[in-house]
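K.L.:
fold the following.
(2 chains, ligands or ions: 2)
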Amino acid sequence: MPKRIERLSLTGFRGASTAVDIPFDASKPIALVFGENGTGKSSIIDAIDFVCNKQYGSVEDRSGTTPKEHIVALKFASKDLRVALQADGQTWVGKLDKGSPSVSGTGNPPRAIILRRSHILKVIDDQPANRYKVVQPFIALPCIDSSEKSLRDCILLLEKDLDRAAHAKVQAEKSLSDSWAAEGSHGTGFLVWAKERSQGDAVAMKASAAHAKEFQTYHEKAQSTVDAMGNSIKARIDADGKLQKAEQAVKDLDQAAQESDLIDLLTQAQKYLPKYSHPDECPLCERPGITVAALLARITARLSAMNRTILLKKELDSIRKMQHSAVVIAETDRAGVIQSVRSLAGALSKSNLAEVMTLRLDWSQYPNMRTEAAPPVNDEIVREAQKLQLAAKASLASIRIKHDTEVRALNQLGMIQRAVKEVEENTKKALDLEKNCKRAQAILTIIEKHRKEYVDGILTGISTEVGNLCEKIHPGEGIKVRFFLDSKKRGSLESLGEFGGEKDILPQAYYSESHLDTLGVCVFLALAKQFRDENTVVVLDDVVTSVDAPHMERFMAMLMDEAAHFSQLIVATHYRPWLERFRHARGPSANVQLIHLAPWTLARGIRPGGAKLAVQELREAAAAVPFDRQVVASKAGVFLESLLDQLALLYGCKVARKADPSYTLGELLDCFGKKLRPALKCITNVAGGPPKEAPIGPMLDGVTAFTWIRNQLGAHWNPSGFDIPDADVLKFAQKTIELAEALICAKCGALPIKNKTGTHWQCRCAGEGLRLYPLENPD
Amino acid sequence: MEQNPGSLLAQKVVADLRKERLLSAKQLDELTDKLVSGSLKAEDWHLIVEIAVEAEQAKKNAEAN
Ligand SMILES: [Zn+2]
Ligand SMILES: [Zn+2]
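P.N.:
Ligands and ions are numbered 1, 2, ... in the order given. Got it, this is the predicted structure:
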């Protein structure tokens, strides 16, 4: 048993302003939900979408709305919204959880493919890219698509790396080429030159530069000692002069200098006299009149005169010390000069630098500069050292240039070696990357090819299917549409059609609105058919609006046929003839559950009710106690009219032409000709027994006898009708029901009005069912 | 393996890649599952391609010697 929706319970969802249950008859593959506009059809469809697909349904398509707000019914809070869907004995409950649909229940709810009018317009009338989006959920293979996309990303990255390697190579080549040009562009090319140059011996070059640097250091050291010696000699001469002057000054004070003993004596007396016991006599000659005070005054005067001598002596002492240290420094610096020049000499004598050779030093002139033992420091040797330093100094500038040149060359060698390496490495890298890139491209081409083949295959199948379905709705109109992917664009669905012998036309431009409408539905049915599983429920929400009655009739017949491919087909419509078609047995009502929505009110919400078949209504009206004479007469009359009308149409019976093709019961009963009337018969095949034959002619005669009752009771205020006995009213109903039971197949619920074999009329049963003879009107 | 449109397509792709020798046999054996799982990232493809090209080069070098 396929998973069919058995019950839908809505609380606070969309139009369900009061809780409502919609029972579905799971024994029937088709449910027709009829309701005029605004009765809640879309709420029911959206509820299925909400639970099965966690979608907001039709609310989502409306611009300027917030779906989660608009799916909550008036007077309800979003937390109270609840949609329960029961299928195959299981229940799934959809609620709003933090503003998103959330569904609880075991396993997956039935797979519902929902088709709305907005989808139809999109798949037919929109841009190819939007059109693709509609079919994408059906034809996309997300995993393969994601693998394909990541491969594309990989190729982009490889191309970027390749670009980078090529760029680095060009940069390195340019720096080599510039260097080559700077050196005069000799030879066959910069790369050959660079490779040759990069072979340069960096170790030897480094040693040579270091050698030059060492020389420079010897020279600089010698120069600095010579400079220092010059300064210290100057300082010594200065100190000598100062000493001479100080000695002269002291010599000039010679007299006083000899009295230094006296100074000592007076100084001691100065200390002694204040303690002497006879202050009124001289402590030396003991004569009175010479007071100690007078003596002390005298001593102080004398000592102060001698102070200058003391200062000069002190100054002389310090100058002597200074002069001594100047002598020592000068001697040390002289020794320093000798030492540094000897070091320089050692280096000079061992060197084979061209700059040194050109000096042509005559070593015989510098005997003391190359001896092993340290020579004494004397003027002669110092002069010898100074002379050599001066002679060697001539090479310093050229050695400096040599050093700088070599350092530059060394730097350039490093640059060239790096650049050559960069060129070589990036050349190889680019080569490898190019190989990888090509390989990835080749793989991508294969994936693309198969993905396209897959989609094209599906689209071809769908195109054929769409053609077949369209042919059922528009027989002989030659409508053909081909769907295909644009090979140059990704995700673009193109369509070309045929119309009136013209090929490859744009359907949007040539087809009428009703053609496009039905075409859209056919595309969806074809897709749904291609991708159905055993639990696929197809739901159509008032999809076709713009077609005329014959097309509507064929469209419904096509849907009836196609329903067999799905577990359940739910069709919501505001088109009343579809409802009446089933009620009056013009379609196979046995497979169809009719749901009739009463007008919506805020207080009562959505109001579903079953719609009864006309024959059942008549039966029930006749069986009621007491029964309603007017209702029975009226219902029997209308139903009889519908049956006779269908029969008369089938056989093309002659009726008087009217502007408005509505015929009276009498006219319809009289239109069956002399030969047809007795030939009419229905045959039902009964399993295990002989076929059951029912002649229709006598039944027509039987019912004709009572048809006057309809006019008397069922249509007008008519006091003479009061005399009609109940039994006659019931007989009228009885005869009508008998005729209906003979003419309507008990199995499929349809009149036998299909010509399938060319021998008789047949009901909608797939195998044996009800047959109506004859096929042709013999009159 | 379950035969769904994705796995069928992956098998066709792998068969073609095998015919064109674009990847090594070992890589191809693993590729169908990877394609179907949709788990391949750009860096995975990078590695796959690099290994395939390197292996081919190594083989060429070995033959030359
Ligand atoms: Zn005295
Ligand atoms: Zn039947």
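K.L.:
okay, the nearest residue to A:Ile479 once chain neighbours are set aside and A:His515: tell me how far apart.
P.N.:
Spatial nearest neighbour of A:Ile479, chain neighbours left out: A:Cys470 (4.8 Å); criterion: Cβ to Cβ, 6 or more residues apart in numbering or on different chains. Backbone N, C-alpha and C define where each C-beta goes, glycine included. Distance, A:Cys470 to A:His515, by Cβ to Cβ, to the nearest Å: 8 Å.
K.L.:
who touches both of those two?
P.N.:
A:Ile479 (Cβ atoms under 8 Å, 6 or more residues apart in numbering or on different chains).
K.L.:
neighbours of the residue nearest to A:Ile479, just the number please.
P.N.:
Here the number of neighbours of A:Cys470 (other Cβ atoms under 10 Å in any protein chain shown) works out to 24.
K.L.:
thinking it is in contact with A:Gly520, fair?
P.N.:
No - when contacts are counted by Cβ atoms under 8 Å, A:Cys470 is not listed as touching A:Gly520 (10.7 Å).
K.L.:
before we move on, which element is residue 43 in?
P.N.:
Unless you meant another one, I'm taking chain A. Here A:Ser43 sits within helix A:41-53, counting by DSSP states H and E.
K.L.:
you looked at the wrong chain, it should be chain B
P.N.:
helix B:42-64.
K.L.:
which outside residues touch that helix?
P.N.:
Helix B:42-64 has contacts (Cβ under 8 Å, 6+ apart) with A:150-151, A:153-154, A:156-158, A:432, A:435-436, A:439-440, A:443, B:22-24, B:27, B:31, B:34.
K.L.:
just give the number of residues close to residue 43.
P.N.:
Defaulting to chain A. A:Ser43: 27 neighbours (other Cβ under 10 Å).
K.L.:
try chain B instead
P.N.:
12.
K.L.:
hang on, the earlier thing: chain center to the helix holding B:Glu43: distance?
P.N.:
Here helix B:42-64 is found 11 Å from its chain centre; the criterion is Cα atoms, centre = their mean, to the nearest Å.
K.L.:
for that helix, the averaged confidence score.
P.N.:
For helix B:42-64, mean pLDDT is 91.
K.L.:
packing partners of the one helix or strand A:Ala305 maps to?
P.N.:
With secondary structure defined by DSSP H and E, A:Ala305 is part of helix A:292-350. Helices and strands touching helix A:292-350, as assessed by 3 or more Cβ pairs under 8 Å, 6 or more residues apart in numbering or on different chains; DSSP states H and E, comprise helix A:202-252, helix A:254-258, helix A:260-272, helix A:379-392.
K.L.:
in contact with the nearest residue to A:Gln270 once chain neighbours are set aside, which residues?
P.N.:
Counting by Cβ to Cβ, 6+ apart, A:Gln270 lies nearest to A:Ile299, which is 5.2 Å off, once chain neighbours are set aside. By Cβ under 8 Å, 6+ apart, the contact set of A:Ile299 is A:266, A:269-270, A:273.
K.L.:
can I get those residues in JSON lines including distance to ligand 2 and neighbour count?
P.N.:
JSON lines is the format used below for the contacts of A:Ile299 (distance: Cβ to the ion, whole Å; neighbours: other Cβ atoms under 10 Å in any protein chain shown):
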{"residue": "A:Leu266", "distance to ligand 2": "167", "neighbour count": "17"}
{"residue": "A:Ala269", "distance to ligand 2": "169", "neighbour count": "17"}
{"residue": "A:Gln270", "distance to ligand 2": "164", "neighbour count": "15"}
{"residue": "A:Leu273", "distance to ligand 2": "169", "neighbour count": "15"}
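K.L.:
which SS class is A:Leu32?
P.N.:
Secondary structure, DSSP: H, G, I helix; E, B strand; the rest coil: A:Leu32 is strand.
K.L.:
can you count the residues close to it?
P.N.:
A:Leu32 is flanked by 25 other residues according to other Cβ under 10 Å.
K.L.:
how about the one 10 residues further on?
P.N.:
A total of 21 residues lie near A:Ser42 under the criterion other Cβ under 10 Å.
K.L.:
same check on A:Ala77?
P.N.:
9.
K.L.:
try A:Ala87
P.N.:
Quick note: A:Ala87 (other Cβ under 10 Å) scores 26 neighbours.
K.L.:
and the pLDDT for it?
P.N.:
Reported pLDDT for A:Ala87: 94.
K.L.:
ok, it - contacts?
P.N.:
Contacts of A:Ala87 by Cβ under 8 Å, 6+ apart are A:3-6, A:26, A:109-110.
K.L.:
same deal with A:Arg710?
P.N.:
So A:Arg710 contacts A:633-634, A:636-637, A:640, A:665, A:732 (Cβ under 8 Å, 6+ apart).
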